[in-house]
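Asks: coords please:
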Amino acid sequence: MSEKNREGKRTARERLAVEREKQKAADKRRRALIVGTSVVCVLGLAAVIGVVAANAGKDSGSDSAGPVVGPSGAQGKDGLAIPVGQASAKSTLTVWEDFRCPACKSFEDAYRTTIHELTDSGKLKVEYHLATLIDGNMGGTGSRNAANAAACAQDAGKFTPYHDVLYQNQPPEVDDAFAKNSKLLELAAKVKGLDTPAFRTCVEDGTHNSWVSKSNEAFQKGGFSGTPTVLLNGKNIYQDQTMTPAKLKQMVEEAAKG
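Replies: Numbers count the residues shown, from 1 in each chain. Below is the predicted model:
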């Protein structure tokens, strides 16, 4: 082989080696870019989570500065409790709820029939307190608007059936469907006699918005861990892992005998 041919092959090998090094460097830069982008996405998510956490539990409503107009028959401290059942009942169930709260729906679905049975029989009185925790956590005004509509239903003497309809038709937590008055009025049509001009005006005007905000403030100051919070004669029974509708019924019936 001539010296010239050997030189040509050596030059070709060197060029190939150089190209391989360039390719390796390009691959390394590409991998670094992918990793860097992933880190930015994670950091961005962390920032969003941080904002959500910082706003946890805050009421996003803008009507808290208006006059506080409580619903008809509201009782308790500052008139923030909506009572259901006979005042003479020996047991009182205090329930803090948020109409957008999935855990509240789970509680209602499990205990609704038992609670109705006990209130109808005069053995249990329920005091409902309304909170807007999910509005603060997820954004929106569905918790507040639904609570206002429920207070409007209380004015019409239809709180219990409308309360039940709201939970039976609760949208996914991230869907702020209850922020739309049209949705709340649509559901009101499921309760006989509720969809009246007075009820519509109450819902559309946000008549009880400030009352709802005050109720949520009381929830925040109460030191509760979340919704639902359920107290039987002052004792937190929702934290009792052994609690069932049957056990609740037994406790209430035993108190009624005493």
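
Asks: for the closest residue to residue 155 other than its chain neighbours, what are its contacts?
Replies: In space, residue 155 comes closest to residue 72 once its chain neighbours are excluded; the distance is 4.7 Å by CB to CB, 6 or more residues apart in numbering. C-beta: built from backbone N, CA, C; applies to glycine. Contacts for residue 72 (CB atoms under 8 Å, 6 or more residues apart in numbering) come out as 154, 155, 157.

Asks: how about residue 88?
Replies: Counted by CB under 8 Å, 6+ apart, residue 88 has contacts residue 122.

Asks: check what pLDDT it gets.
Replies: Residue 88 carries a pLDDT value of 96.

Asks: again with residue 84
Replies: Per-residue pLDDT puts residue 84 at 98.

Asks: how many residues are close by the closest residue to it other than its chain neighbours?
Replies: Residue nearest to residue 84 in three dimensions, not counting chain neighbours: residue 126, with 4.5 Å by CB to CB, 6+ apart. Residue 126: 21 surrounding residues under other CB atoms under 10 Å.

Asks: over to the one 4 residues further on?
Replies: Counted with other CB under 10 Å, the neighbours of residue 130 add up to 29.

Asks: which among the contacts of residue 72 end up buried?
Replies: Buried subset of the contacts of residue 72 (neighbour count, 16 or more other CB atoms under 10 Å): 154, 155.

Asks: just the contacts of residue 72: which are in helices?
Replies: By the criterion of DSSP state H, membership of those in helices covers 154, 155.

Asks: wait, which of the contacts of residue 72 is closest to residue 196?
Replies: residue 155 (10.2 Å; CB to CB).

Asks: contacting residues around the closest one?
Replies: Contacts of residue 155 (CB under 8 Å, 6+ apart): 71, 72, 198, 199, 202.

Asks: quick one: low-confidence residue ranges for this protein.
Replies: 1-65 (pLDDT under 70).

Asks: all helices of the stretch 51-200 of the chain, in order?
Replies: Here the stretch 51-200 of the chain has its helices, by DSSP state H, counting those that start in this stretch, at 102-120, 133-138, 142-155, 159-168, 181-188, 197-205.
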